[in-house]
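Asker: Give me a 3D structure for the following:
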Amino acid sequence: MRHRLLPVLLLALCLTTYCQNHPPLDLSDLNQAIEAASRYDAEKFRKIELLKKDLLSSGPDDKELLFRRYQPLYEEYKVFNYDSASFYARKLQEIALLLDDPARIVYARLKTGFCLLSSGMFRETLDSLNEISIKGAPDSLKAEYYALMGRYYYDLGDFDNDANYTPVYTAKGNLYMDSALQLYAPGSFFSTYYKGLKEIKSNHRQIAMVELWQLLSRPDLSDHELAVTASTLSDIYIYNGRPDTAIQLLIRAAIADIRSCTKETAAIFNLAQLLYKKGDVKNASSYIEAAIRDASFYGARQRKVQVSAILPLIEGEKISRVEGQKRTLITYSVITTLLLLIVVTLAIIIFRQVSKLKTAQRKITEAHEKVQAVNQRLMETNNKLSEANKIKEEYIGYFFNADSEFFAKIEKFKKSLEQKIAYRKWDDLITLVNNTNLKKEKEELLQNFDKIFLKLFPDFIQGFNALFREEDRVQLKDHEFLNTDLRIFALIRMGIHDNEKIARILEYSVNTINTYKTRIKNKSIVPNEAFEQRIMEIKTL
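Answerer: A predicted model of the protein is given here:
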């Protein structure tokens, strides 16, 4: 009994201490932090620039000095940007090999392994860590190696989320964590944190809560350490079905991540998931967009995969709520109208003749079916109008912006012409005219059309390819949004069916457009006459 009560008492003490020193936060605090994120990032970049200046002042032959100056640059980038962190980790490894220093070689390879794991490159992480020989290395590097291996198997198990493989990976992670905990100094951040993490993975969550709350109550934690601890602790409350406490912890973790310029983070993503489940779609959408920005900036592949899974759900929920409100209004209107008609009709029928009841009932039924048919047509029309409104809103906004930019370019070109003519710089005038790249402007216009179209019809390419056999499907080049085949039928999906208009937009002849359309339809697995109808059935977002 004493062994059961002790963790409970310790947990209560930790919570009391923490609550006394840390007032509760809400989403407004996080929103303020998000608004200030650019300032934190700017300060981060200034610090990095100073370190780069120090690096440039180092002599290429002073390997010891180069190694010491690569170290802080790696530390600044390691949870900020994968590409830069990986670059400086490789630089550390190059210098360590030139110095032929085994300890430094282990140190540098551990940094490379950390970068790969943070980016979600599990195979590459294991290959990198397997190259490390910690024999004779200092205890601090051995501890770091074991902890990184433990994290690798934990993360791999979480990513796979498989009933057969995840327990195996977790068991391996626990073994490595045991080795790490024997080497970390008792009471240090890493010793306490990894002990709590291991208890979570071992399903000893109450013990883990005590460890992590004790750690979170310490006043000497850095923002990054606070974020990691609070985010990990929130997982326990999510598992225990206590989302409100988890949300509080994730708010604190997300704010700390922003203050420490940590882009390799799961806190704001997990917060968005909890808010979505609670029905707060507005904030969930805002935070998932922030998570996407962080994941893209850092280059965290596994975060992008996770975000891509929930983002359509959140956006779909936003759309379905609007559509649900519309359907509810229409339903109420139809029901009210029908009830009124039924009451009036029944009153007339009752006062006239009971013998005509069957005939009247049949008429009512027919009328009801007609109303339902009309209602169905109204709903279909409403959906089409909604889609058209979306398209108009996107493209009107785009073309206003494009026109504004175009007029600005024309104005600048006009001023240049007037200036050259005024000073009789005829050669410069010819150069100016020759340098006007209308083809580039046209390509940019088409690329912008592609981006907006794919924003409206994100599944268009998938839906288009579904109409062809595997070998006949469109394969886009790098940095290509749509090719000519897709663009022709994108214009058709937008409602432009006239071949002459399509030809003018794409600057082809009408015969060329007809040739493209015929060739594409002939390769399709659907009949030619049904192809364009199938294209029109591809839905907007």
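
Asker: where along the stretch 101-250 of the chain do the helices fall?
Answerer: In the stretch 101-250 of the chain, the helices defined using DSSP state H, counting those that start in this stretch lie at 102-118, 122-130, 139-160, 166-183, 189-201, 205-216, 223-239, 243-259.

Asker: so which of these gets nearest residue 480?
Answerer: helix 122-130 (27.5 Å; CB to CB). (Each C-beta comes from the backbone N, C-alpha and C, glycine too.)

Asker: mind listing what's buried in that closest one?
Answerer: 122, 125, 126, 128, 129 (16 or more other CB atoms under 10 Å).

Asker: ok, now how distant is the second one from residue 115?
Answerer: Okay, so that is residue 125. Residue 125 is 9 Å from residue 115, where distance means CB to CB, to the nearest Å.

Asker: And the first one, by the same measure?
Answerer: Computed with CB to CB, the distance linking residue 122 and residue 115 is 13 Å.

Asker: now for whatever helix or strand residue 502 lives in, which elements pack on it?
Answerer: Per DSSP states H and E, residue 502 falls inside helix 499-506. Packing partners of helix 499-506 (3 or more CB pairs under 8 Å, 6 or more residues apart in numbering; DSSP states H and E): helix 484-493, helix 510-523.

Asker: Go again with 10 Å.
Answerer: helix 438-456, helix 484-493, helix 510-523 (3 or more CB pairs under 10 Å, 6 or more residues apart in numbering; DSSP states H and E).

Asker: Okay, now the unreliable bits of the stretch 151-300 of the chain?
Answerer: 300 (pLDDT under 70).

Asker: pLDDT-wise, which helix or strand of the protein ranks last?
Answerer: None of the helices or strands of the chain scores lower by mean pLDDT, DSSP states H and E than helix 2-21, at a mean of 50.

Asker: quick one: residue 334 from residue 349, how far?
Answerer: On the measure of CB to CB, residue 334 and residue 349 end up 22 Å apart.

Asker: Equivalent analysis for residue 135, please.
Answerer: 98 Å.

Asker: cool, residue 187 as well?
Answerer: On the measure of CB to CB, residue 187 and residue 349 end up 88 Å apart.

Asker: of the two, who's got more company?
Answerer: Between residue 187 and residue 349, counting by other CB atoms under 10 Å, residue 349 is the more crowded of the two (17 against 9).

Asker: Let's verify that one: helix, strand, or coil?
Answerer: helix (DSSP: H, G, I helix; E, B strand; the rest coil).

Asker: surely it meets residue 359?
Answerer: Yes: under the criterion of CB atoms under 10 Å, residue 349 makes contact with residue 359 at 8.9 Å.

Asker: Mind listing residues that contact the helix holding residue 502?
Answerer: Under the criterion CB atoms under 10 Å, 6 or more residues apart in numbering, residues 442, 445-446, 449, 484, 487-492, 496, 498, 508-514, 516-517 lie in contact with helix 499-506.

Asker: what comes up buried for that helix?
Answerer: In terms of neighbour count (16+ other CB under 10 Å), helix 499-506 has its buried residues at 499, 502, 503, 505, 506.

Asker: Please dump those residues into CSV; it should also carry pLDDT and distance to residue 102 for every row.
Answerer: As requested, those are exported to CSV (pLDDT from 0 to 100; distance: CB to CB, whole Å):
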residue, pLDDT, distance to residue 102
499, 89, 71
502, 89, 67
503, 89, 69
505, 86, 65
506, 85, 63
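
Asker: from those residues, which single one is nearest residue 283?
Answerer: The shortest gap between residue 283 and any of the buried residues of helix 499-506 belongs to residue 505, at 40.5 Å (CB to CB).

Asker: gap between the closest one and residue 189?
Answerer: For residue 505 relative to residue 189 (CB to CB), the value is 61 Å.

Asker: swap in residue 280?
Answerer: Separation of residue 280 from residue 189 (CB to CB): 33 Å.

Asker: go on, residue 108?
Answerer: In this structure, residue 108 and residue 189 are 23 Å apart, going by CB to CB.

Asker: Between those two, point out the one with more neighbours.
Answerer: Between residue 108 and residue 189, residue 108 has the larger neighbour count (other CB under 10 Å), namely 26 against 17.

Asker: Read off the pLDDT value for that one.
Answerer: The per-residue pLDDT reported for residue 108 equals 93.

Asker: pretty sure it is touching residue 98, no?
Answerer: No: with contact defined as CB under 10 Å, residue 108 does not reach residue 98; the gap is 11.1 Å.

Asker: residues shared between the contacts of these two?
Answerer: Residues touching both residue 108 and residue 98 by CB under 10 Å, 6+ apart: residue 67.

Asker: Where does the prediction get shaky in the stretch 401-541 of the chain?
Answerer: 401-414, 417, 420, 425, 427-429, 432-439.

Asker: Just give me the residue right at the centre of the protein.
Answerer: residue 292 (2.9 Å; CA atoms, centre = their mean).

Asker: which of the residues in the helix or strand hosting that one are buried?
Answerer: Assessed by DSSP H and E, residue 292 sits inside helix 281-298. Under the neighbour-count criterion of 16+ other CB under 10 Å, helix 281-298 has 281, 283-292, 294-295, 298 buried.

Asker: so which of the residues you listed comes closest to residue 241?
Answerer: Closest approach to residue 241 among the buried residues of helix 281-298 (CB to CB): residue 284, at 19.0 Å.

Asker: is it true that that closest one touches residue 274?
Answerer: Yes: counting by CB under 10 Å, residue 284 does reach residue 274; the two are 8.3 Å apart.

Asker: Surely residue 263 touches residue 292?
Answerer: No: contact between residue 263 and residue 292 fails when scored by CB under 10 Å: they sit 11.2 Å apart.

Asker: Please name the residues that touch the residue nearest to residue 265 when sequence neighbours are not counted.
Answerer: Once flanking residues are discounted, residue 265 sits nearest to residue 257: 4.5 Å by CB to CB, 6 or more residues apart in numbering. Residue 257 makes contact with 33, 37, 40, 79, 223-224, 226-228, 230-231, 250, 263-268, 294, according to CB under 10 Å, 6+ apart.

Asker: and if we set it to 8 Å?
Answerer: Neighbouring residues of residue 257 by CB atoms under 8 Å, 6 or more residues apart in numbering: 223, 224, 227, 265, 267, 268.

Asker: Kindly report the same for residue 248.
Answerer: Counted by CB under 8 Å, 6+ apart, residue 248 has contacts 24, 25.

Asker: separation between it and residue 283?
Answerer: Here the criterion is CB to CB. By it, residue 248 lies 14 Å from residue 283.

Asker: Repeat that for residue 238.
Answerer: 17 Å.

Asker: Same check on residue 207?
Answerer: In terms of CB to CB, residue 207 sits 33 Å off from residue 283.

Asker: go on, residue 98?
Answerer: 51 Å.

Asker: Residue 334 too?
Answerer: Applying CB to CB to residue 334 and residue 283 gives a distance of 34 Å.

Asker: now swap in residue 45 and tell me
Answerer: Residue 45 is 28 Å from residue 283, by CB to CB.

Asker: Equivalent analysis for residue 203, please.
Answerer: Residue 203 is 32 Å from residue 283, by CB to CB.
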